[in-house]
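>>> From the sequence below, what's the structure:
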Amino acid sequence: MTDAKKPVDVALIGAGIMSATLGAMIKQLEPSWTIQIYEALGDVALESSNPWNNAGTGHSALCELNYTPERSDGTIDTSSAVKVNEQFQVSRQFWSFLVAEGALPQPDAFINSTPHMSFVWGEKNVEYLRKRHEALREHPLFQGLEFSTDASVIRSWAPVLIPGRAKGQPIAATRIAAGTDVDFGSLTRLLLTYLQGEGAILEVDHRVTNLTKLADGAWRVALRKQVGGTPTTVDARFVFVGAGGGALHLLQKSGIDEIKGFGGFPVSGEFLRCDDPAIVGKHQAKVYGKAAVGSPPMSVPHLDTRVVDGQASLMFGPYAGFSPKFLKHGSMFDLFASIRAHNLYPMIRAGLANLSLVKYLVGQLAASKQTKFEALREFMPDADPKDWYRITAGQRVQVIKKDRKKGGVLQFGTEVITAGDGTIAGLLGASPGASTAVPIMLSVLERCFPDRIAAWKPRLNAMIPTYGDDLSSDERRAASTIGATAEALHIHA
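Coordinates of the predicted model:
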């Protein structure tokens with residue numbers, strides 16, 4: 001363990017995709033900086049970054065309908081979809097750069113070509129999808145978006161969606177062939193291997209128990225080895241808390257003013273999984289549906305091809321549940337331990353404003369196995385229960401924050417928290433999460449090291465050619481950038 005009298009330059013708490021991404025970016029920008037990473041569990045990427053915990057995807061808003069809500073006047077709001085897609089393109093650029101630099105191996109170790117589809121049924125939903133297609137098909141980031149209401153065409157795209165379906169049922173689908181599936185567990189391990197090869201130190205089985213600001217501006221990180229060992233400390237000039245659901249507790253312990261008013265609401269979940277090669281081979285796509293009326297964005301059903309460690313499987317869900325844990329390997333007291341005087345009122349107000357979410361969760365908890373399986377059959381009418389088994393997803397902790405008008409609001413995105421002096425930062429929240437790790441970490445760098453950004457800019461532009469630009473407004477550059485990263489990452493339409 002490092003001598004506490006000699007601070008490390010960077011301490012990363014949590015060995016997931018966020019810490020791994022930030023560490024890789026810092027190592028590219030400041031190769032001489034010392035980096036140490038602390039993980040409470042016995043290996044890396046076991047919580048939110050694990051692909052079976054609902055991070056193995058690649059959100060790019062090509063098919064996720066919750067990013068394109070219908071306005072009251074019937075038009076489609078595409079702003080969130082464009083933002084998320086552009087953020088994903090930034091992540092792809094950085095991965096492409098690391099592959100070219102030799103910092104990452106062949107890209108098929110973490111990313112695979114997987115068409116992205118949206119699929120709906122019912123006249124109203126078909127009309128919605130038609131309008132969404134019209135709103136997006138000419139956009140530079142959504143080139144190649146196809147639309148069809150023809151069952152034979154849809155069957156050619158995703159064969160399992162049609163057999164057994166009632167003839168005459170109104171259906172529609174959109175498809176982009178050049179979508180991807182990302183194994184963020186594998187990507188995390190590869191990034192951390194690169195960092196260790198460059199001198200970073202990774203300590204697993206080390207839980208951070210406290211964060212204390214020192215007089216010289218550094219942070220004292222209190223550590224406890226999970227099995228045996230005595231408590232110890234390390235001092236760091238900069239700390240990033242990328243501990244997933246554990247980030248709120250640690251940022252609260254740091255005592256920074258910026259965390260005041262923030263709370264969290266945990267949501268657990270389940271998926272159905274199929275590994276039968278004969279069935280998996282019939283469905284090679286990521287297919288998103290439309291959330292039921294009154295259901296939260298997190299409930300959008302999807303039937304996904306997942307490629308994990310080179311092996312393809314199918315996964316359907318999510319089915320929501322509830323646990324007061326903030327981490328899959330967390331404590332039943334996590335929710336209660338997060339309550340403070342400064343966040344109690346925002347949490348109460350957010351709860352009262354989201355009673356529909358409570359109703360949804362209760363309904364999901366009360367649903368029978370048969371009822372849950374029928375949700376899969378809405379996508380895949382011929383699905384057989386014997387071919388599928390249940391897996392438990394990771395914990396999501398949705399952000400609750402103060403709001404001047406409402407007192408408190410529940411948000412379904414991510415929130416970067418940084419201290420005023422830039423010496424500590426952390427990430428709260430969930431989706432789209434891992435897919436937008438690179439732009440999120442860029443914001444951490446910009447907010448915590450504003451005096452270095454100008455000097456870093458040439459290197460940042462080498463790492464991310466469109467850094468500082470609006471890719472979505474330039475059709476030619478968007479096409480060339482997407483094409484270049486697709487080629488570098490071996491993505492094929």
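>>> residue contacts, the residue lying closest to residue 62 once chain neighbours are set aside?
Nearest non-adjacent residue to residue 62, counting by CB to CB, 6 or more residues apart in numbering: residue 116, 4.0 Å away. For every residue, glycine as well, the C-beta is placed using N, CA and C. Shown in contact with residue 116 (CB atoms under 8 Å, 6 or more residues apart in numbering): 60, 62-63, 175-176, 179, 285-286, 288.
>>> got those as JSON lines, with pLDDT columns?
Shown next, in JSON lines, are the contacts of residue 116 (pLDDT from 0 to 100):
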{"residue": "60", "pLDDT": "87"}
{"residue": "62", "pLDDT": "93"}
{"residue": "63", "pLDDT": "94"}
{"residue": "175", "pLDDT": "97"}
{"residue": "176", "pLDDT": "95"}
{"residue": "179", "pLDDT": "92"}
{"residue": "285", "pLDDT": "94"}
{"residue": "286", "pLDDT": "94"}
{"residue": "288", "pLDDT": "95"}
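>>> Any buried residues in the helix or strand of the chain with the lowest mean pLDDT, and which?
One helix or strand of the chain scores below all others by mean pLDDT, DSSP states H and E: helix 355-366, with a mean of 79. In terms of neighbour count (16 or more other CB atoms under 10 Å), helix 355-366 has its buried residues at 357, 360-361, 364.
>>> and of the residues you listed, the nearest to residue 50?
When the buried residues of helix 355-366 are ranked by distance to residue 50 (CB to CB), residue 364 comes first, at 21.9 Å.
>>> measure the closest one to residue 269 for me?
Relative to residue 269, residue 364 is positioned 9 Å away (CB to CB, to the nearest Å).
>>> intersection of neighbour lists for the two?
319-321.
>>> out of these, which are buried?
Buried among the shared contacts of residue 364 and residue 269 by 16+ other CB under 10 Å: 319-321.
>>> now, which of these lie within helices?
Per DSSP state H, helices hold no members of these.
>>> Dump the residues you listed to TSV, plus pLDDT and distance to residue 121.
TSV is the format used below for those (pLDDT from 0 to 100; distance: CB to CB, whole Å):
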residue	pLDDT	distance to residue 121
319	87	20
320	82	22
321	81	26
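>>> Now tabulate those in TSV and tack on distance to residue 390.
Shown next, in TSV, are these (distance: CB to CB, whole Å):
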residue	distance to residue 390
319	8
320	14
321	11
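>>> nearest to residue 131, of those?
residue 320 (28.1 Å).
>>> Tell me the bridge partners for that closest one.
In this entry, residue 320 is beta-bridged to residue 269, by DSSP bridges.
>>> again, but for residue 392
Using DSSP bridges, the bridge partners assigned to residue 392 are residue 270.
>>> Can you list the low-confidence ranges for the stretch 101-250 of the chain?
Scanning the stretch 101-250 of the chain for pLDDT under 70 picks out nothing.
>>> Would you map the strands across it?
Ranges of strands in the stretch 101-250 of the chain, per DSSP state E, counting those that start in this stretch, are 111-113, 116-121, 146-148, 171-176, 180-182, 201-203, 206-213, 219-225, 232-241.
>>> Now do the least confident helix or strand of the chain: which elements does it pack against?
Packing partners of helix 355-366 (3 or more CB pairs under 8 Å, 6 or more residues apart in numbering; DSSP states H and E): strand 311-321.
>>> make it 10 Å
In this structure, helix 355-366 makes packing contacts with strand 263-274, strand 311-321, helix 341-353, helix 369-379, judged by 3 or more CB pairs under 10 Å, 6 or more residues apart in numbering; DSSP states H and E.
>>> can you state the direction angle for the last one and strand 116-121?
Here helix 369-379 points in a direction 110 degrees away from that of strand 116-121 (axes from the mean of the first three to the mean of the last three CA atoms, to 10 degrees).
>>> between helix 369-379 and strand 311-321, how many degrees?
120 degrees.
>>> Tell me the buried residues in helix 369-379?
So for helix 369-379, counting by 16+ other CB under 10 Å, buried means 372-373, 375-376, 379.
>>> now swap in the second one and tell me
Of the residues in strand 311-321, those with enough neighbours to count as buried (16+ other CB under 10 Å) are 312-321.
>>> Out of those, which is nearest to residue 54?
Nearest to residue 54 out of the buried residues of strand 311-321 is residue 318 (CB to CB; 6.8 Å).
>>> what's the neighbour count on the nearest residue to that closest one once chain neighbours are set aside?
Spatial nearest neighbour of residue 318, chain neighbours left out: residue 269 (4.2 Å); criterion: CB to CB, 6+ apart. Neighbours of residue 269 under the rule other CB atoms under 10 Å: 22.
>>> what sits opposite the residue nearest to residue 196 when sequence neighbours are not counted in the beta ladder?
Setting aside the residues directly before and after it, residue 196 is nearest to residue 202 in space (CB to CB, 6+ apart), at 5.8 Å. Per DSSP bridges, the residues bridged to residue 202 are residue 37.
>>> So residue 92 sits against residue 60, correct?
Yes - using CB atoms under 10 Å, residue 92 is in contact with residue 60, at 8.8 Å.
>>> shared neighbours of those two, which are they?
Common neighbours of residue 92 and residue 60 (criterion: CB atoms under 10 Å, 6 or more residues apart in numbering): 180, 182, 435.
>>> Neighbours of the second one, how many?
It stands for residue 182. Using other CB under 10 Å, the number of residues around residue 182 comes to 29.
>>> mind listing what it touches?
By CB under 10 Å, 6+ apart, residue 182 lies in contact with 17, 51, 55-60, 88, 91-92, 95, 107, 110-112, 114, 306-307, 434-435, 489.
>>> Longest helix of the chain, counting residues only.
The chain, longest helix under DSSP H: helix 79-101.
>>> does residue 416 count as helix, strand or coil?
Here residue 416 takes the strand state, with states given by DSSP: H, G, I helix; E, B strand; the rest coil.
>>> which residues does it bridge with?
The partner residues for residue 416, given DSSP bridges, come to residue 427.
>>> do you know how far it is from residue 240?
Residue 416 is 10 Å from residue 240, where distance means CB to CB.
>>> So which of these two has more stuff around it?
Just comparing residue 416 and residue 240: by other CB under 10 Å the higher neighbour count belongs to residue 240, 26 against 17.
>>> Which residues are in contact with that one?
So residue 240 contacts 10-14, 18-19, 22-23, 26, 37, 247, 418, 424-427, 441, 444, 448 (CB under 10 Å, 6+ apart).
>>> just residue 226 next, same as before
Shown in contact with residue 226 (CB under 10 Å, 6+ apart): 39-42, 204-207.
>>> export the residues you listed to JSON lines and tack on distance to residue 410 and neighbour count?
What follows is the contacts of residue 226, written out as JSON lines (distance: CB to CB, whole Å; neighbours: other CB atoms under 10 Å):
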{"residue": "39", "distance to residue 410": "29", "neighbour count": "26"}
{"residue": "40", "distance to residue 410": "27", "neighbour count": "23"}
{"residue": "41", "distance to residue 410": "28", "neighbour count": "18"}
{"residue": "42", "distance to residue 410": "33", "neighbour count": "11"}
{"residue": "204", "distance to residue 410": "33", "neighbour count": "16"}
{"residue": "205", "distance to residue 410": "34", "neighbour count": "16"}
{"residue": "206", "distance to residue 410": "32", "neighbour count": "24"}
{"residue": "207", "distance to residue 410": "28", "neighbour count": "17"}
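>>> now for these, which pair is the farthest apart?
Greatest spatial distance in the contacts of residue 226: 42 and 207, 11.4 Å, computed using CB to CB.
>>> rewinding a little: looking at the contacts of residue 226, which is nearest residue 397?
Closest approach to residue 397 among the contacts of residue 226 (CB to CB): residue 40, at 15.7 Å.
>>> any idea what sits nearest the residue sitting nearest the centre point of the chain, other than its immediate chain neighbours?
Among the residues of the chain, the one closest to the centroid is residue 433, at 2.6 Å (CA atoms, centre = their mean). Of all residues not flanking residue 433 in the chain, residue 414 sits nearest, at 6.1 Å (CB to CB, 6+ apart).
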